[in-house]
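**Q** Predicted model, plus sequence, below.
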There are 2 protein chains.
Amino acid sequence: MKAIHPVILCGGSGTRLWPLSRKAVPKPFLPLVGEETLFEQAVRRVAGDDRFAPPLVVAGAAHAELIALQLGDRPGARLVVEPAAKNTAPAVALAAALLPEDAIMLVCPSDHHIADSAAFRSAALAAAELARQDYLVAFGIAADRPETGYGYLERGEPLAGGYVLRRFVEKPDLDTAQAYLASGNFSWNGGIFAFRSGYLLAELAAYRPAMAQLVAAAVAGGRNEGLCFHPAAEPFAAIDGESIDYAVMENTARAAMVPASMGWSDIGNWAALADALADQADAAGNIVRRGTVDLAACRGVFAFTDGPRISAVGLEDVCIIVCGNEVLVTTREGAQGVGKLPGAVNQ
Amino acid sequence: MKAIHPVILCGGSGTRLWPLSRKAVPKPFLPLVGEETLFEQAVRRVAGDDRFAPPLVVAGAAHAELIALQLGDRPGARLVVEPAAKNTAPAVALAAALLPEDAIMLVCPSDHHIADSAAFRSAALAAAELARQDYLVAFGIAADRPETGYGYLERGEPLAGGYVLRRFVEKPDLDTAQAYLASGNFSWNGGIFAFRSGYLLAELAAYRPAMAQLVAAAVAGGRNEGLCFHPAAEPFAAIDGESIDYAVMENTARAAMVPASMGWSDIGNWAALADALADQADAAGNIVRRGTVDLAACRGVFAFTDGPRISAVGLEDVCIIVCGNEVLVTTREGAQGVGKLPGAVNQ
């Protein structure tokens, strides 16, 4: 059996994790959970295992240096430097075009956290098996709450190792999310996919012929430089950016899903990070991620500081982030709104 | 009628207003309400009015320079530099000993805010009139809530311009405070007093003869230096420090009170400061005292920063203070606990 090719996407800007996540060093390149960055974890998750080939990383030029640094010494690893940010469909298509047409690609965002790497690899093997049969396979993350911040996948008929994917659903309202959770037929769309590269490109050509053509031109006109591949900027710039979900997955008749219960979190905001670090909480549910923090009569407080001491009294379910001359204080409930703050918007 | 002699005490350390109030520049010397400091306001409250003599300020050596700076050009003003902090009774006694024995002293803490200066001066004139009749007169601040953080004064029989002071009550519990408020016979003890200096010293000699003797010795052995008077350190150091309330007011048979409704606040903590600045609140009750502050979905937030931007989401009734490499976040309810934080204690 041929190895699976991890394709690691580095697109997440993580503005809701401002002021820690910033344009220069965004979310994937920060050590949010544990000592490794989310990107390093994404790479290591598929490393040291013969069933996985060296990773193909797709990222913008602004982060090429960070990636080289955080990749370290990984023989065979490659970096595709996107000339512009065009969402996930062109990024995936670039990778597909650079791989042999019968390669099985495992598309992994690098701004998520996965607690259980073994469960991830099991799901990846099951997804790869379906991808070899020319299914376009999405990971269906086991939903454990009526989350309104994620898209959902509805499962259909069973397949070996997975299910037919009946439909994609956009972020639902709370009532709908509760109904999904109760039905047991829905899981979260974590943006993790497995494809046979030739089939992915064929489906893209069917549903988004212009994009497929421009990606092919960008690859044909591109150049290698060390470990990096630079697609031609001009055709790439002409692409209408779109997600792989919209461009292909919602159109194909061959969508499948594999269920994955692997401690997944998109670390979408400070409250989600606090949840992912719940095992580090003290008896009152407080989590100090870094720095000197004095808490009195606080419960469920998450505190991070890169320098100044934080002192707090009487707070409940509040996140306090002190970083680079910015001070952010948000309720856990309000954490989703951080990305719209002037500080996050006008970086 | 002879002028009233303001005696301005500068003892308040204001640790509950940490991290803004610090040992080097404590509460009285900070511009907490308006552009003037509390000390400057205390001085100006009795300035430019022939009924008041120039002030006699009593303070520690550590703050002599700040006081000289903030007093500005006030002909006749004097500063008594305490060799040690011994609470209010010795401070008041020093001032009394330096004034003529028939001088009427108006003892004013400098760490309080008084919104209505005219009401303050009216009460002062009424108190002075009783002090001339050898009453020891306390200001009874009109209570408008069942505050458990202040001492109370119970009024007795009416006198011209005031009342006999029936008793002092220590900080009550909430039930007691509510009963006091309902009865209408109790007001807050704001630490503002009027005495005839000779009578105050006679009463001190009666109830605290050792203290009276040591103060007399400190004055006899003291020296003038410009505007400053330095009491002799040795006898002063031997004094058992005590408040004027305990040493004299709770013992004398001649205690009186004058009612005062003058927008008084002791600015005892960040919540009290927010209350004192309520007229600056926006429609959601948020108050930004200084600096760049971005609030989203916040109500009743008080924010102060001396540099870094503050951003906040979803908070209610929370104070955020960023000052000198310290970040403090407290609920209004928890504000009273700030003084016990490690940062405030180990300055």
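**A** It's in.

**Q** show me the contacts for the spatially most central residue of chain A.
**A** Nearest to the mean C-alpha position of chain A, counting by C-alpha atoms, centre = their mean, stands A:Pro109 at 2.9 Å. Residues in contact with A:Pro109 (C-beta atoms under 8 Å, 6 or more residues apart in numbering or on different chains) are A:Ile8, A:Leu9, A:Gly11, A:Gly12, A:Ala42, A:Gly190, A:Gly191, A:Ile192. To be clear about C-beta, it is placed using only N, CA and C from the backbone, and glycine gets the same treatment.

**Q** So which bits of the lengthiest helix in chain A are buried?
**A** In chain A, with assignment by DSSP state H, the single longest helix is helix A:117-132. Within helix A:117-132, the residues scored as buried using 16 or more other C-beta atoms under 10 Å in any protein chain shown are A:119-132.

**Q** swap in stretch A:49-69?
**A** Buried, per 16+ other C-beta under 10 Å, within stretch A:49-69: A:52-60, A:63-64, A:66-67.

**Q** Among those, name the ones that also lie close to chain B.
**A** Among the buried residues of stretch A:49-69, no residue sits close to chain B (C-beta under 8 Å from any C-beta of the partner chain).

**Q** Farthest-apart pair in the residues you listed, please.
**A** Largest separation among those by C-beta to C-beta: A:Phe52 and A:Gly60, giving 24.3 Å.

**Q** Kindly export the helix or strand that comes right after the longest helix of chain A (C-alpha atoms) in CSV.
**A** Sequence order places strand A:136-141 as the next helix or strand after helix A:117-132, per DSSP states H and E. Output of strand A:136-141 as CSV, limited to C-alpha atoms (Å, rounded to 0.1, in the frame of the first residue of the first chain):
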residue,chain,number,x,y,z
LEU,A,136,-14.0,12.5,-1.8
VAL,A,137,-13.8,11.9,2.0
ALA,A,138,-14.5,14.4,4.8
PHE,A,139,-13.7,13.7,8.4
GLY,A,140,-16.8,13.9,10.5
ILE,A,141,-15.9,15.1,14.0
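
**Q** Next, the angle from the helix or strand following strand A:136-141 to strand A:136-141.
**A** The element immediately downstream of strand A:136-141 (helix or strand, assigned by DSSP H and E) is strand A:152-159. Orientation check (axes from the mean of the first three to the mean of the last three C-alpha atoms, to 10 degrees): strand A:152-159 against strand A:136-141 gives 110 degrees.

**Q** Residues touching the helix or strand just after strand A:152-159, excluding its own?
**A** Sequence-wise, the next helix or strand downstream of strand A:152-159 (DSSP H and E) is strand A:162-169. Applying C-beta under 8 Å, 6+ apart, the contact partners of strand A:162-169 are A:126-127, A:130, A:135, A:137-138, A:140, A:151-158, A:180, A:186, A:189, A:245, A:249-250, A:255-259.

**Q** Filter the residues you listed down to just the buried residues.
**A** Burial by neighbour count, 16+ other C-beta under 10 Å: within the contacts of strand A:162-169 this picks out A:126-127, A:130, A:135, A:137-138, A:140, A:151-155, A:180, A:186, A:189, A:245, A:249, A:255-259.

**Q** and A:Ala77, what does it touch?
**A** Taking C-beta under 8 Å, 6+ apart, we find A:Ala77 in contact with A:Val43, A:Pro54, A:Pro55, A:Leu56, A:Val57, A:Leu71, A:Leu227.

**Q** what about the residue in the stretch 151-300 of chain A that chain B sits nearest to, how many residues close to it?
**A** With C-beta to the nearest C-beta as the measure, A:Asp294 is the residue of the stretch 151-300 of chain A nearest to chain B, at 4.9 Å. Per other C-beta atoms under 10 Å in any protein chain shown, the neighbour tally for A:Asp294 reads 17.

**Q** And the one 3 residues further on, by the same measure?
**A** Applying other C-beta under 10 Å, we find 15 residues neighbouring A:Ala297.

**Q** and it, what does it touch?
**A** The contact partners of A:Ala297, by C-beta under 8 Å, 6+ apart, come to A:Val313, A:Gly314, B:Gly334, B:Gly337.

**Q** What of A:His5?
**A** A:Phe52, A:Ala53, A:Pro55, A:Leu56, A:Ala95, A:Leu99, A:Ala103, A:Ile104, A:Met105, A:Leu106, A:Ser197.

**Q** just A:Glu250 next, same as before
**A** Residues near A:Glu250 by C-beta under 8 Å, 6+ apart: A:Arg167, A:Phe168.

**Q** Kindly state the pLDDT recorded for it?
**A** Looking at A:Glu250, its pLDDT reads 94.

**Q** and what of A:Gly11?
**A** Per-residue pLDDT puts A:Gly11 at 81.

**Q** Make sure it is actually in contact with A:Lys86.
**A** No: with contacts counted by C-beta atoms under 8 Å, A:Gly11 stays clear of A:Lys86, the gap being 9.4 Å.

**Q** what's stretch A:276-296 in contact with?
**A** With contact meaning C-beta under 8 Å, 6+ apart, stretch A:276-296 is reached by A:32-33, A:113, A:115, A:265, A:267, A:274, A:298-315, A:322, B:334, B:337, B:340-343.

**Q** Ends of that stretch, what's the gap?
**A** Start-to-end span of stretch A:276-296 (C-alpha to C-alpha, to the nearest Å) is 23 Å.

**Q** One more: stretch A:340-347?
**A** End-to-end distance of stretch A:340-347 (C-alpha to C-alpha): 11 Å.

**Q** what comes up buried for that stretch?
**A** Here stretch A:340-347 shows A:Leu341, A:Gly343, A:Ala344 as buried, counting by 16+ other C-beta under 10 Å.

**Q** Tell me which entries of the residues you listed lie within strands.
**A** Using DSSP state E, the subset of the buried residues of stretch A:340-347 located in strands is empty.

**Q** out of those, which touch chain B?
**A** Among the buried residues of stretch A:340-347, the residues lying close to chain B (C-beta under 8 Å from any C-beta) are A:Leu341, A:Gly343, A:Ala344.

**Q** what about the nearest residue to the second one once chain neighbours are set aside, how many neighbours?
**A** Right, A:Gly343. Distances taken as C-beta to C-beta, 6 or more residues apart in numbering or on different chains put B:Ser311 closest to A:Gly343, at 5.0 Å, once the chain neighbours are dropped. B:Ser311 has 25 neighbours, counted by other C-beta under 10 Å.

**Q** Doesn't B:Ser311 belong to a strand?
**A** Yes: counting by DSSP: H, G, I helix; E, B strand; the rest coil, B:Ser311 falls inside a strand.

**Q** Surely it is in contact with A:Val327?
**A** Yes: the pair B:Ser311 / A:Val327 is scored as a contact, 7.1 Å apart, by C-beta under 8 Å.

**Q** And A:Gly324, how close does it get to chain B?
**A** A:Gly324 sits 9 Å away from chain B, going by C-beta to the nearest C-beta, to the nearest Å.
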